[in-house]
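> Using only what follows, build the 3D model:
(one chain, ligands or ions: 1)
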Amino acid sequence: MLIFADTADTKLLAELNETGLIDGVTTNPTLIAKSGRVIAEVIKEIAEMIDGPISAEVTATDYKQMIAEGEKLAAIASNIVIKVPLTVDGLKATKAFSEQGLMTNVTLCFSVPQALLAAKAGATFVSPFVGRLEDQGADGIQLLHDIRTVYDQYDFDTEILAASLRNSAHVAQAAIAGADCATLPPAVFNELFKHPLTDKGLEIFMADWAKTGQSIL
Ligand code: G3P
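Got it, this is the predicted structure:
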């Protein structure tokens, strides 16, 4: 499963990238607003920092404008993925981008029929929002399993990009469900390294090692 960072904070991203474990980045209008920066500048900086797919979202809601915005975003760098909302116009634009050979990420997916349409439109990625479904009392992880089943059944190439993941249990469950990628806020990514037994075990090893008086170097 590829791991993407869900952030437009380039300082935080640079720190995460030092681990060598970040495969791509996703952004959205909320994250760009939070960065307080101009979208083209942030996206360019991110695309230069990370080799993998970088999702940059259109903000238009009508087809024509989406096409114009998407083409402008895609021109920033060759690894840009045009992110479009799962609407009629969004899927029309997805189909047009896909015919032009441009990568797309269809976002705000909350159901199997929506995911099916995104795949039929030729989306490179589809982003089901796990946490936001759970906020409504629905089962976001089951949605990932169901989309996996449908995509495999019909041999769709669209990659499932699990989004709105809020904790490491979500990440584990997304991997078990067979998501191709998971996008994580920096805090969730950092949480993945942690387990109390790792800390405890390391403490014991270090204490025992100190007793030997040895040094490897
Ligand atoms: O990638 C989508 C993600 O940013 C949404 O997460 O936690 O705002 O539902 P959240």
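> First-to-last residue distance for stretch 100-120?
Distance between the two ends of stretch 100-120: 16 Å, counting by Cα to Cα, to the nearest Å.
> The ligand contacts on this structure?
Within the chain, the positions near the ligand by Cβ under 6 Å from any ligand atom are 6, 26, 28, 129, 131-132, 163-164, 166, 183. Any C-beta I mention is one placed from the backbone N, CA and C, and that applies to glycine too.
> and if we set it to 8 Å?
6, 26, 28, 30-31, 107, 127, 129, 131-132, 135, 163-166, 183, 185 (Cβ under 8 Å from any ligand atom).
> Which residues are in contact with the residue nearest to the spatial centre of the chain?
Against the mean C-alpha coordinate of the chain, by Cα atoms, centre = their mean, the closest residue is residue 183 at 2.8 Å. Neighbour list for residue 183: 3-6, 24, 26, 127, 161-163, 165 [criterion: Cβ atoms under 8 Å, 6 or more residues apart in numbering].
> Looking at the residues you listed, spot the one nearest the ligand.
Nearest to the ligand among these: residue 163, at 3.6 Å, using Cβ to the nearest ligand atom.
> May I ask you to name the longest helix in the protein?
helix 196-212 (DSSP state H).
> Before we go further, residue 25 is sitting in a strand, right?
Yes. Counting by DSSP: H, G, I helix; E, B strand; the rest coil, residue 25 falls inside a strand.
> and it, what is it in contact with?
For residue 25, the contacting residues are 4-7, 13, 46, 50, 52-55, by Cβ under 8 Å, 6+ apart.
> Just the ones in helices from the residues you listed, please.
Short answer: the contacts of residue 25 in helices (DSSP H) are 13, 46.
> can you list the contacts of residue 25 in a markdown table and add neighbour count, pLDDT and distance to residue 35?
Shown next, in a markdown table, are those (neighbours: other Cβ atoms under 10 Å; pLDDT from 0 to 100; distance: Cβ to Cβ, whole Å):
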| residue | neighbour count | pLDDT | distance to residue 35 |
| --- | --- | --- | --- |
| 4 | 26 | 98 | 17 |
| 5 | 27 | 98 | 13 |
| 6 | 21 | 98 | 13 |
| 7 | 24 | 98 | 8 |
| 13 | 19 | 98 | 10 |
| 46 | 27 | 98 | 10 |
| 50 | 20 | 97 | 15 |
| 52 | 16 | 98 | 19 |
| 53 | 22 | 98 | 19 |
| 54 | 28 | 98 | 14 |
| 55 | 29 | 98 | 14 |
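> mind putting the contacts of residue 25 in a markdown table, distance to residue 94 included?
As requested, the contacts of residue 25 are exported to a markdown table (distance: Cβ to Cβ, whole Å):
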| residue | distance to residue 94 |
| --- | --- |
| 4 | 19 |
| 5 | 23 |
| 6 | 20 |
| 7 | 24 |
| 13 | 26 |
| 46 | 22 |
| 50 | 23 |
| 52 | 20 |
| 53 | 15 |
| 54 | 17 |
| 55 | 13 |
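> Of the contacts of residue 25, just say which sits nearest to the ligand.
residue 6 (4.7 Å).
> just to revisit the earlier point, buried ones from the contacts of residue 183, can you make that a PyMOL selection?
Buried residues within the contacts of residue 183, by 16 or more other Cβ atoms under 10 Å, are selected in PyMOL with:
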select buried, resi 3+4+5+6+24+26+127+161+162+163+165
